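Undergrad: just to be clear, the model below is a prediction. Sequence and coordinates:
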Amino acid sequence: AQSVTQLGSHVSVSEGALVLLRCNYSSSVPPYLFWYVQYPNQGLQLLLKYTTGATLVKGINGFEAEFKKSETSFHLTKPSAHMSDAAEYFCAVSGAGNNRKLIWGLGTSLAVNP
Amino acid sequence: DTGVSQDPRHKITKRGQNVTFRCDPISEHNRLYWYRQTLGQGPEFLTYFQNEAQLEKSRLLSDRFSAERPKGSFSTLEIQRTEQGDSAMYLCASSLSPGGRNEQFFGPGTRLTVL
């Protein structure tokens, strides 16, 4: 079984500050991990993913995440927040088996203050 | 635009009516997924297809729900005798397997409101 926990349903940062969105997962098989962003009234857009290989993955819009197996974490970071980063962020996990359905966290709403 | 498309974008219906949604995946993608998202929640898996075969259905998918992908291209999701609890955003995603590393591309969703 797989599950995802996103710590903090709402995060608020100042423009230019570090963004840190936390994601912890549970998986009985080697996980594939994803971060998606959802802007108001828009569909889900993939930010980045970890499947195998390098544990630090870089995504779009300056975001990156690090897979830490020992901590079962996949936290999302961005060094300097921009107003346009305000959105809902979802962490998801899937297995590498036949059915790769995504299991999702509840999401974190990011607010960026001027 | 060669992304995932969904139709309609919005649907308002009265309780007890039937509704049908359509999803057109990215053309070369063989896997198609349906998810449901309610306000303040993450998406929940409903069902998925590999080509035309429906390989898994969530327990969330009651007997009132049926999904098809008749020719392995577009898919439809039908809800019969809608209930107010069915109000949600219905999301469709597609991916390529093998080789796609399970990167799922999402459509804009169909927002269903049941009055």
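TA: That came through fine.
Undergrad: from here on, just use CA atoms for contacts and neighbour counts.
TA: Fine.
Undergrad: number of nearby residues for A:L110?
TA: Residues contacting A:L110 under the criterion other CA atoms under 10 Å in any protein chain shown number 21.
Undergrad: how about the contacts made by it?
TA: Applying CA atoms under 8 Å, 6 or more residues apart in numbering or on different chains, one finds that A:L110 lies in contact with A:H10, A:V11, A:S12, A:V13, A:D85, A:A86, A:A87, A:E88, A:Y89.
Undergrad: A:M83 contacts A:V19, correct?
TA: No. Using CA atoms under 8 Å, A:M83 is not in contact with A:V19; the gap is 11.7 Å.
Undergrad: neighbour-wise, which of the two wins?
TA: Using other CA under 10 Å, the more surrounded residue of A:M83 and A:V19 is A:V19, with 22 against 14.
Undergrad: and the strand or helix carrying B:L112, C-alpha only, in PDB?
TA: According to DSSP states H and E, B:L112 maps onto strand B:110-114. C-alpha atoms of strand B:110-114 as PDB (Å, rounded to 0.1, in the frame of the first residue of the first chain):
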ATOM      1  CA  THR B 110     -14.800  18.400 -16.000                       C
ATOM      2  CA  ARG B 111     -16.500  20.100 -13.100                       C
ATOM      3  CA  LEU B 112     -19.700  18.400 -12.200                       C
ATOM      4  CA  THR B 113     -22.300  20.100 -10.000                       C
ATOM      5  CA  VAL B 114     -25.300  18.100  -9.000                       C
END
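Undergrad: who does it touch, helix- and strand-wise?
TA: strand B:10-13, strand B:88-95 (3 or more CA pairs under 8 Å, 6 or more residues apart in numbering or on different chains; DSSP states H and E).
Undergrad: nearest to chain A among those would be which one?
TA: Nearest to chain A, of all these, is strand B:88-95, at 8.3 Å by CA to the nearest CA.
Undergrad: tell me what angle that closest one forms with strand B:110-114.
TA: Interaxial angle of strand B:88-95 relative to strand B:110-114 (axes from the mean of the first three to the mean of the last three CA atoms, to 10 degrees): 160 degrees.
Undergrad: put the alpha carbons of strand B:88-95 into CSV.
TA: Output in CSV follows, covering the C-alpha atoms of strand B:88-95 (Å, rounded to 0.1, in the frame of the first residue of the first chain):
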residue,chain,number,x,y,z
ALA,B,88,-16.5,17.1,-8.0
MET,B,89,-13.9,17.8,-10.6
TYR,B,90,-13.3,14.7,-12.8
LEU,B,91,-9.8,14.5,-14.1
CYS,B,92,-8.4,12.5,-17.0
ALA,B,93,-4.8,11.7,-17.5
SER,B,94,-2.8,9.8,-20.1
SER,B,95,0.7,8.3,-20.1
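Undergrad: who's in contact with it?
TA: B:4, B:6, B:23, B:25-26, B:29-39, B:102-113.
Undergrad: in strands only, show me the residues you listed.
TA: Residues from the contacts of strand B:88-95 lying in strands, with DSSP state E as the criterion: B:6, B:23, B:31-37, B:105-106, B:110-113.
Undergrad: contact partners for residue 20?
TA: No chain in the question, so chain A it is. A:L20 neighbours (CA under 8 Å, 6+ apart): A:H75, A:L76, A:T77, A:K78.
Undergrad: wrong one, chain B
TA: By CA under 8 Å, 6+ apart, B:T20 lies in contact with B:T76, B:L77, B:E78, B:I79.
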